[in-house]
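1. Below: sequence and its predicted model.
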Amino acid sequence: MRFYFVILFTILIGTYTVAQGTNYKTITAIQADTLIKNHAGSVDFVILDVRTSGEFINERIDKSRNLDVNSIYFDDSISKLDKNKIYFVYCGSGARSSTACNKMIAKNFKQVYNLQGGISAWKSAGLSTIKGAGSGIDNNLISSLLVKIYPNPVVDLSTLEVEGYLEGEVKIEILNALGSLVLSQKMVPGRAITLNGRDLSPGLYFYRLVLPQNQVKSGRFQVAR
């Protein structure tokens, strides 16, 4: 009997330990403000806004980074983050951030904090927010964007397509080898535009993908006859 009790006790302790190690912490806005102040300037502390990029640009907590939890690239993007850092996660009301926290814990992130009530609770507590474009679009989202030109080299008609997830329009710019702009056009990721090789002289060209917060992804292609 004692033997079975020891086994049961060991299982319960093990289960409790696992549960303790796989939970995120939900904190109030005031606690979150204290957490941020205690880690001010630390490279090991990340404020993660998991709303859309539009919501993020409209209003956000200062020094936060944006990674939309509903993006098809969210799981892949968080896999590239440092799991040993401390993450404070928020959304609009707390629902999406809970989803994000669960995903992060499932990927073995060590310390994750969820803002109860989201940015709405943050503002209700009299805490400040900032607005406007910044540098907060997550670099993993940018790196996931792929510009495809096919066929390449461009001879007659080729398709230029941007693959990946990013809300809203981006601007594609085409420059010749001398750096002169020959094409500037807005487009939506997931859609394509046509490059007409007959409108371009043979040679080396560069493209620049200009993102909503003026971040740039670039590459090059050839035009041949």
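-> Arrived safely, thanks for sending.

2. Tell me where the model's unsure across the protein.
-> 1-22, 132-144, 164-168, 212-215 (pLDDT under 70).

3. What separation is there between the closest residue to residue 181 other than its chain neighbours and residue 186?
-> Spatially, and ignoring its direct neighbours in sequence, residue 181 is nearest to residue 175 (5.6 Å; CB to CB, 6 or more residues apart in numbering). (Each C-beta comes from the backbone N, C-alpha and C, glycine too.) Distance of residue 175 to residue 186, computed by CB to CB, to the nearest Å: 17 Å.

4. what does residue 67 give?
-> 24 Å.

5. the more surrounded of those two?
-> residue 67 (26 against 11; other CB atoms under 10 Å).

6. Tell me where the protein has strands.
-> Here the chain has its strands, by DSSP state E, at 25-27, 45-49, 64-66, 86-90, 111-115, 146-150, 157-163, 170-176, 181-187, 192-196, 203-210, 216-223.

7. Who are the packing partners of the second one?
-> What that stands for is strand 45-49. strand 64-66, strand 86-90 (3 or more CB pairs under 8 Å, 6 or more residues apart in numbering; DSSP states H and E).

8. mind listing what's buried in it?
-> 45, 46, 47, 48, 49 (16 or more other CB atoms under 10 Å).

9. do you know how far the nearest residue to residue 171 once chain neighbours are set aside is from residue 216?
-> Take residue 171 and drop its neighbours on the chain: the residue closest to it by CB to CB, 6+ apart is residue 210, 4.2 Å away. Distance, residue 210 to residue 216, by CB to CB: 6 Å.

10. These two: which has the busier surroundings?
-> The residue with more neighbours, out of residue 210 and residue 216, is residue 210; 17 against 11, by other CB under 10 Å.

11. Now for that one: which residues touch it?
-> 170, 171, 172, 173, 216 (CB atoms under 8 Å, 6 or more residues apart in numbering).

12. Now the fourth one. Nearest residue, chain neighbours left out?
-> The one in question is residue 173. residue 208 (4.3 Å).

13. try residue 188
-> Setting aside the residues directly before and after it, residue 188 is nearest to residue 169 in space (CB to CB, 6+ apart), at 5.7 Å.

14. follow-up on the earlier one: OK, contacts around the residue nearest to residue 173?
-> With contacts defined as CB under 8 Å, 6+ apart, the neighbours of residue 208 are 172, 173, 175, 216, 217, 218.

15. Just list whatever residues bridge to it.
-> residue 173, residue 218 (DSSP bridges).
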